[in-house]
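**Q** need a structure here:
(one chain, ligands or ions: 1)
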Amino acid sequence: MTLSLYFAPNTCALVPLISLYEAGAVFTPKPIDFRRRQNKSPDYLEINPLHKVPVLLIQDEVLEDEVLAENVAIALWIAQHYPSADLLPKDGEQLIRAISLMSWFAAGIHPHISRYNSPAKYCDAPDSAAAMRTIAQAMIFENYHRADSLLRGREFFFDHFTAVDAHFFWCFRRGHQLELDLTPFAACQAHFDRVLGRISVQKALAYEAAVKEEFARQANSL
Ligand SMILES: N[C@@H](CCC(=O)N[C@@H](CS)C(=O)NCC(=O)O)C(=O)O
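**A** Residues are numbered from 1 along each chain as shown. Just a heads-up that it's a prediction; the model follows:
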């Protein structure tokens, strides 16, 4: 079996990148340059017609190739195939709770981040960007407040590091990257710093930085 992860800098493809490193998986990261619209290239649209990352491509000599999109599903796949990494709770009830949390991050936080980051993609009314950002920020903060109350007094969402932590790490990191004032969210910040200290996360961020550098080099040589 061979694994490839389609990845773009700053995106939520960081989440499975961290989990694959945590799992010690052998895989090939495939960088996609959004600035050059590679996610809308015919080759990539064949892989994911919805032009999004992450995608985990699973190739097997016997079985048909599997193209797995959506962070929640990818997290489940990695956790099932690398059980010793303990990337999701083994207990059924706890696993359901983990899926609930990751679904919330993917469907309840990520879309507000996207609206803050790219308001024009969601509303083309003239001069609407500032209002869109104000509303999106209020929604992001409502969700960070909820996460902060869940993380208060805890190291991780469960009793050890899981893919749920990797997923929220990305959600909070986007807040930093978008230069939001995150001082009200002390428990989220402590969680962020704790997750940042993991070797897997350092590896993922170093890979992302190298990809950004390479994309910038390619852009400058055009
Ligand atoms: N629900 C999806 C969201 C994936 C997603 O929206 N990815 C963004 C990057 S963070 C993307 O690829 N956007 C490019 C596009 O929509 O064209 C998941 O959790 O995997």
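**Q** how about the contacts made by E22?
**A** Contacts for E22 were tallied using Cβ atoms under 8 Å, 6 or more residues apart in numbering; they are 85, 87, 161, 166, 198, 200. Every residue, glycine included, has its C-beta placed from N, CA and C.
**Q** list the buried ones in the host helix or strand of S103?
**A** Of the helices and strands defined by DSSP states H and E, S103 is found in helix 92-104. Taking 16 or more other Cβ atoms under 10 Å as the basis for neighbour counts, the residues of helix 92-104 that come out buried are 95, 98-99, 101-102, 104.
**Q** that helix and the ligand, any residue contact?
**A** No. Against the ligand, helix 92-104 shows no contacts by Cβ under 6 Å from any ligand atom, the least distance being 8.3 Å.
**Q** quick one: mean pLDDT for that helix?
**A** Regarding helix 92-104, the rounded mean pLDDT is 98.
**Q** now E61. Its backbone dihedrals?
**A** phi -60, psi -30 (degrees, to the nearest 10).
**Q** nearest to D193, of the buried residues of helix 92-104?
**A** For the buried residues of helix 92-104, the residue nearest D193 by Cβ to Cβ is L101; the value is 19.7 Å.
**Q** distance of the spatially most distant residue from the centre of the chain from A120?
**A** For the chain, the C-alpha farthest from the mean C-alpha position belongs to P126; by Cα atoms, centre = their mean, that distance is 30.9 Å. Note on P126: its distance to A120, by Cβ to Cβ, to the nearest Å, is 11 Å.
**Q** tell me the contacts of the residue farthest from the centre of the chain?
**A** With contact set as Cβ under 8 Å, 6+ apart, P126 has no partners.
**Q** the chain: helices as residue ranges?
**A** Along the chain, counting by DSSP state H, helices occupy 14-23, 42-47, 71-81, 92-104, 110-117, 129-151, 163-177, 186-196, 199-220.
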